[in-house]
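**Q** My questions are about this predicted structure, shown below with the sequence.
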Amino acid sequence: MRERGAWLVVVVGAFGWLMTALVLVRGGGYLVVVPHLWFVLPLAVVGTVTALAAFGVGLRSLNAVLWLAVIVAAGVAWNFLVYWFRFGNATWDLLLPLAKPTGLDFHDGLYDPAAAFTTAHSGWPPLTLLLGRPFTLLDFSTGYAVQVGVLVALAVAAAVLSAKLAMKAACDPDLSGQGRRIDATQLALVLGFWLMTSYGFMYEVERGNIDLYALFFALLSIWLMLRLPRSAWWPAVVLAVAINLKLYPGVLLVILFWRYRWRALLPAVVANAVLLLITGPGNVRSTVTALTASEGRTRALWWGNHSAAALANVLRQATGWAPSWIYVPLLLVPVALWALTLLVLVRRGWSDRRAVLAAAACVPVMGVVPAISHDYKLVLYVFPLAVLAAVIATMSRRDLAVWSVLFGLLALAMMFLSRSSLVIAPSLVASKYALLVLLQLLLLFVVWQTEEGATETAHAADAAVTTDDREEAVE
């Protein structure tokens, strides 16, 4: 009887395979058939894998995270290998918006500005001049090769940190019907594989950008907030490093102030002020001027930019009905979802679990709010995906219909967030904006669903924090 809820995904999978068969029968050549399968084949795969996980095929020995590994492997085959087998090395021209020289962002944003010691032409925060300085001891090609190695190492570290934090958000892994307990190692392997094979990572490496630096320090700051309940200095300093490499981690200041309240004010102000002015006020002015100029360039608002501003621009270009103010609701929707998720969590009080969920909810707004959010920033979403994977994998499956929908939507998001925006015609479909809103909706739903049945562990953590605060007040 309990499997009846899973029939929904069986129907979805069957529909996907039927449409796939119709496209194949229709034919039209490789470059016609593959784009026409862009949605229906992933839908077929996700529906099938979700049904197998929901019905419990191998459930006693394979948990939901390992079913997600099947999804990731299928995504690699569909997003990359299907082109590689046909086009070989020419695949890179098809999947990535290649620029000359390779490592253009590393060259223009890090290497040359550090050599000249000015941010006038980069628009990056002044701290990046110090980050880029050691690279100038090498020639550009060698420096870029070192940068690629650092990005790979940071991707591994980000996957591990994301998995460790995500396990804090997991529901009770010993609920009946769960299958084997998941752990951080499984999660890190699956999400690390997803990250390293994703379009966003390939794009990040090709450009030599530094989003993975910012992600690593942002995640490390959240981890320190959980480990250091008394002192705000280390979390504030590490978060300030992330903010002064890329400005968007500043949204995580909400978590810092939630954790430490007024105690976070001095560390946050001092750390950010020092790192902002570390190369002199002239570079601060240069950064502001360069950023203001770049924000106004509509040429950057293409479908490979997943911000609200870019989607509004594409809408106006692709349709005849989109008004000039369409940008406003496109921006307000993700901001409202973020605020609502944080409101639900903050009202229930601090715990490690709620802090991780709140931090994950902050990540999508890092992409949709800034006007320029090119797709190499997709590497950031390994963290909210890890959190969703841990929570959904350990949710009770008594309501299989709800569980199947959550698992299936997460699987679809993982497949499409890792797919190149270039292999789809320049249209609304190529934008990743809708996928980020989907992540927000999933996070809001699991927060609402699981917080109603919060475990005693969370309550105990809340009590421990309250006790610590009282002790400090007494001291």
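**A** It's in.

**Q** Stretch 340-351 - what's its average pLDDT?
**A** Mean pLDDT, taken over the full extent of stretch 340-351, equals 95.

**Q** centre of the chain versus it, how much separation?
**A** 21 Å (CA atoms, centre = their mean, to the nearest Å).

**Q** Stretch 364-375 too?
**A** How far stretch 364-375 lies from its chain's middle: 11 Å, per CA atoms, centre = their mean.

**Q** What of stretch 44-57?
**A** When distances are taken as CA atoms, centre = their mean, stretch 44-57 is centred 24 Å away from the chain's centroid.

**Q** cool, and stretch 86-98?
**A** Averaging C-alpha coordinates over stretch 86-98 and over its chain gives two centres that are 24 Å apart (CA atoms, centre = their mean).

**Q** Buried residues in it, which are they?
**A** 91, 95-97 (16 or more other CB atoms under 10 Å). C-beta: built from backbone N, CA, C; applies to glycine.

**Q** what about the helices in the stretch 1-150 of the chain?
**A** 7-26, 30-36, 40-55, 64-76, 82-87, 91-95, 104-105, 112-116, 127-132, 140-169 (DSSP state H, counting those that start in this stretch).

**Q** So which elements touch the fifth one?
**A** When contacts are defined as 3 or more CB pairs under 8 Å, 6 or more residues apart in numbering; DSSP states H and E, helix 82-87 sits against helix 30-36, helix 91-95.

**Q** worst average pLDDT in the ones you listed?
**A** Of all the helices and strands packed on helix 82-87, the minimum mean pLDDT falls on helix 30-36 (a mean of 84).

**Q** which helices and strands sit right next to it?
**A** The helices and strands touching helix 30-36, judged by 3+ CB pairs under 8 Å, 6+ apart, are helix 7-26, helix 82-87.

**Q** could you dump these to TSV with mean pLDDT and distance to Gly282?
**A** TSV is the format used below for the helices and strands packed on helix 30-36 (pLDDT from 0 to 100; distance: least, CB to CB, whole Å):
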stretch	mean pLDDT	distance to Gly282
helix 7-26	91	57
helix 82-87	91	47
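
**Q** Need those in a markdown table (columns: distance to Asn272).
**A** Formatted as a markdown table, the helices and strands packed on helix 30-36 follow (distance: least, CB to CB, whole Å):
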| stretch | distance to Asn272 |
| --- | --- |
| helix 7-26 | 47 |
| helix 82-87 | 43 |
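
**Q** Out of those helices, the one nearest Val150 is which?
**A** Closest to Val150 of the helices and strands packed on helix 30-36 is helix 82-87 (CB to CB; 25.7 Å).

**Q** Now tell me what touches that closest one from outside.
**A** Residues lying outside helix 82-87 but in contact with it, judged by CB atoms under 8 Å, 6 or more residues apart in numbering, are 30, 34, 91, 94-95, 423.

**Q** which residue ends up closest to the midpoint of the protein in space?
**A** The centre of the chain sits closest to Tyr381, judged by CA atoms, centre = their mean, with a distance of 0.8 Å.

**Q** ok so, going back, of the buried residues of stretch 86-98, which is the nearest to Gly282?
**A** Scanning the buried residues of stretch 86-98 for proximity to Gly282, where the rule is CB to CB, the winner is Pro97, at 32.8 Å.

**Q** Wait, the closest one touches Leu422, no?
**A** Yes: between Pro97 and Leu422 there is a contact at 6.4 Å, judged by CB atoms under 8 Å.

**Q** Mind listing the shared neighbours of those two?
**A** Common neighbours of Pro97 and Leu422 (criterion: CB under 8 Å, 6+ apart): Gly304.

**Q** which stretches of this protein aren't confidently modelled?
**A** Segments of the chain classed as low confidence (criterion: pLDDT under 70) are 1-6, 56-62, 172-181, 294-300, 397-398, 425-426, 452-475.

**Q** now the strands: where do they sit in it?
**A** Ranges of strands within the chain: none, based on DSSP state E.

**Q** Report the contact partners of the residue nearest to the centre of the chain.
**A** Taking CB under 8 Å, 6+ apart as the criterion, Tyr381 is in contact with 200, 363-364, 367, 417, 436, 439.

**Q** Surely Pro113 touches Ser122?
**A** Yes: the pair Pro113 and Ser122 passes the contact test of CB under 8 Å, sitting 4.3 Å apart.

**Q** Residues that sit against both of the two, list them.
**A** Counting by CB under 8 Å, 6+ apart, the contacts common to Pro113 and Ser122 are Thr128.

**Q** nearest to Phe407, of the buried residues of stretch 86-98?
**A** Using CB to CB, Leu95 comes nearest to Phe407 of the buried residues of stretch 86-98, at 27.4 Å.

**Q** wouldn't the closest one be in contact with Asn89 here?
**A** No: in terms of CB under 8 Å, Leu95 does not count as a neighbour of Asn89; the distance is 11.3 Å.

**Q** Report how many residues lie close to the residue nearest to Ala359 when sequence neighbours are not counted.
**A** Beyond its immediate neighbours in the sequence, the residue positioned closest to Ala359 (CB to CB, 6 or more residues apart in numbering) is Ile222, lying 4.8 Å away. Neighbour count of Ile222, defined by other CB atoms under 10 Å: 28.

**Q** can you check Leu104 too?
**A** Leu104: 16 neighbours (other CB under 10 Å).

**Q** Can you tell me the closest non-neighbouring residue to it?
**A** Taking CB to CB, 6+ apart, and ignoring the residues beside it in sequence, Leu104 has Arg207 as its nearest neighbour in space, at 5.8 Å.

**Q** Contacts only, for that neighbour.
**A** With CB under 8 Å, 6+ apart as the criterion, the residues that contact Arg207 are 99, 103-106, 376.

**Q** try it again with 6 Å
**A** Applying CB atoms under 6 Å, 6 or more residues apart in numbering, one finds that Arg207 lies in contact with 104-105, 376.

**Q** how much space between it and Ala116?
**A** To Ala116, Arg207 is 20 Å away according to CB to CB, to the nearest Å.
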